[in-house]
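**Q** got a predicted structure here, sequence first:
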Amino acid sequence: MGLSRLVILTGSGVSAESGVPTFRAADGLWLGHRVEDVATPEAFARDPALVQDFYNRRRRQLAEVQPNAAHRALARLAAEWRSDCLLVTQNVDDLHERAQAGTSPGSGFRLIQMHGELLKAVCTASGRVCEWRDDLQARHPSPHAADGLLRPHIVWFGELPLEMDTIEAALGRCDLFVSIGTSGAVWPAVGFVQQARRAGARTVELNLEPSLNQEMFDEGRYGLASQIVPAFVDELLADR
Ligand code: OAD
């Protein structure tokens with residue numbers, strides 16, 4: 001196939017079989033809440049206890065879940081791919097990282113968690129980011145600034161996703177863009193496929209069902225991530 005530079009985007013569908021719930025249920029609620037009640041800076045200002053509790057529960061849940069075959073297949077790709085491979089995840093869990101334990105990602109590999117990480121907190125005054133594994137209190141004093149509070153290191157609606165310059169540069173020169181387990185509902189990730197197409201890349205979607213922007217992809221493969229991702233990675237590594 002002669003493909004070399006990859007950009008892979010993952011969403012919550014890749015972690016679903018690990019037991020991490022996806023976001024958009026048929027009732028329109030987001031893990032039982034309205035988005036604006038738990039995932040906006042305004043919600044945090046209005047009701048910090050509710051917002052911290054929402055993320056505390058999700059952070060605790062990470063101790064009960066394990067990477068699945070899809071995460072492991074992407075870790076194998078990271079280790080065996082000999083050229084650029086950017087894995088961008090919208091997920092705030094640490095399952096891609098954990099799947100890489102004991103493997104050695106190639107020098108061209110990078111993982112970006114564009115929506116932040118549950119296992120980090122950020123100081124509202126200094127912007128300093130630190131590792132964080134415990135619960136956060138409603139108004140959690142920051143160790144980094146006297147007037148600061150710690151909040152989850154999560155990109156909320158209305159805030160800018162992380163490392164967009166690096167992501168856009170990689171999209172602008174990729175040969176293959178693969179979107180895995182995402183519904184195509186949240187910007188800017190929705191637009192990545194168009195950016196990759198403009199660069200002349202082949203575009204493939206791997207999902208349980210066709211996403212909202214299915215027509216933007218050259219190819220779609222539908223099924224459980226634990227089955228279709230390992231099969232796709234096998235093909236990619238065999239075709240090099
Ligand atoms: P969604 O819940 O919108 O979409 C999950 C997608 O995964 C759906 O298209 C499902 O069909 C698919 N899916 C479910 N189980 C699957 C499985 N076992 N194998 C393969 N696919 C499966 O979640 P996201 O697209 O990830 O942002 O949502 C994107 C962002 O919306 C999230 O990162 C979050 C939310 O707002 C922030 O927290 C900032």
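**A** Cool, the structure landed. Residues are numbered from 1 along each chain as shown.
**Q** on the three-state scheme, the residue in the chain sticking out farthest from the centre is what?
**A** Taking C-alpha atoms, centre = their mean as the measure, the residue most remote from the mean C-alpha position of the chain is A146, 32.0 Å away. Of the three states, A146 takes coil under DSSP: H, G, I helix; E, B strand; the rest coil.
**Q** show me what contacts it?
**A** By C-beta atoms under 8 Å, 6 or more residues apart in numbering, the contact list for A146 reads A125. C-beta: built from backbone N, CA, C; applies to glycine.
**Q** which bits of this structure sit near the ligand?
**A** The chain comes close to the ligand at residues 11-13, 16-17, 22-24, 39, 90, 115, 155, 181-183, 185-186, 207-209, 211, 224-225, as judged by C-beta under 6 Å from any ligand atom.
**Q** can you flag the buried ones in these?
**A** 11-13, 16-17, 22-23, 39, 90, 115, 155, 181-183, 186, 207, 211, 224-225 (16 or more other C-beta atoms under 10 Å).
**Q** restricted to strands, list the residues you listed.
**A** Applying DSSP state E to these, the entries found in strands are N207.
**Q** next SSE after the helix or strand bottoming out on mean pLDDT in the chain?
**A** Scoring the helices and strands of the chain by mean pLDDT, DSSP states H and E places helix 35-38 at the bottom, with a mean of 88. Next along the chain after helix 35-38, taking DSSP states H and E as the criterion, comes helix 41-46.
**Q** so what's L95 up against?
**A** Going by C-beta under 8 Å, 6+ apart, L95 touches V14, S15, S18, V20, V65, Q66, P67, N68, H71.
**Q** all the strands of this structure, residue numbers only.
**A** Using DSSP E, the strands of the chain run over residues 6-10, 85-89, 109-113, 116-123, 129-131, 150-154, 176-180, 202-207, 219-222.
**Q** including mean pLDDT, could the ones you listed go into TSV?
**A** What follows is these, written out as TSV (pLDDT from 0 to 100):
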stretch	mean pLDDT
strand 6-10	98
strand 85-89	98
strand 109-113	98
strand 116-123	98
strand 129-131	97
strand 150-154	98
strand 176-180	98
strand 202-207	98
strand 219-222	98
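**Q** could you export the ones you listed to a markdown table, including columns for distance to R60?
**A** A markdown table is the format used below for the strands of the chain (distance: least, C-beta to C-beta, whole Å):
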| stretch | distance to R60 |
| --- | --- |
| strand 6-10 | 22 |
| strand 85-89 | 20 |
| strand 109-113 | 19 |
| strand 116-123 | 10 |
| strand 129-131 | 16 |
| strand 150-154 | 13 |
| strand 176-180 | 26 |
| strand 202-207 | 28 |
| strand 219-222 | 32 |
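**Q** mind checking which of the buried ones among the residues of the chain next to the ligand are in helices?
**A** Judged by DSSP state H, helices contain the following of these: A225.
**Q** before we move on, back to that, to A169, which of the strands of the chain lies closest?
**A** Nearest to A169, of all the strands of the chain, is strand 85-89, at 9.2 Å by C-beta to C-beta.
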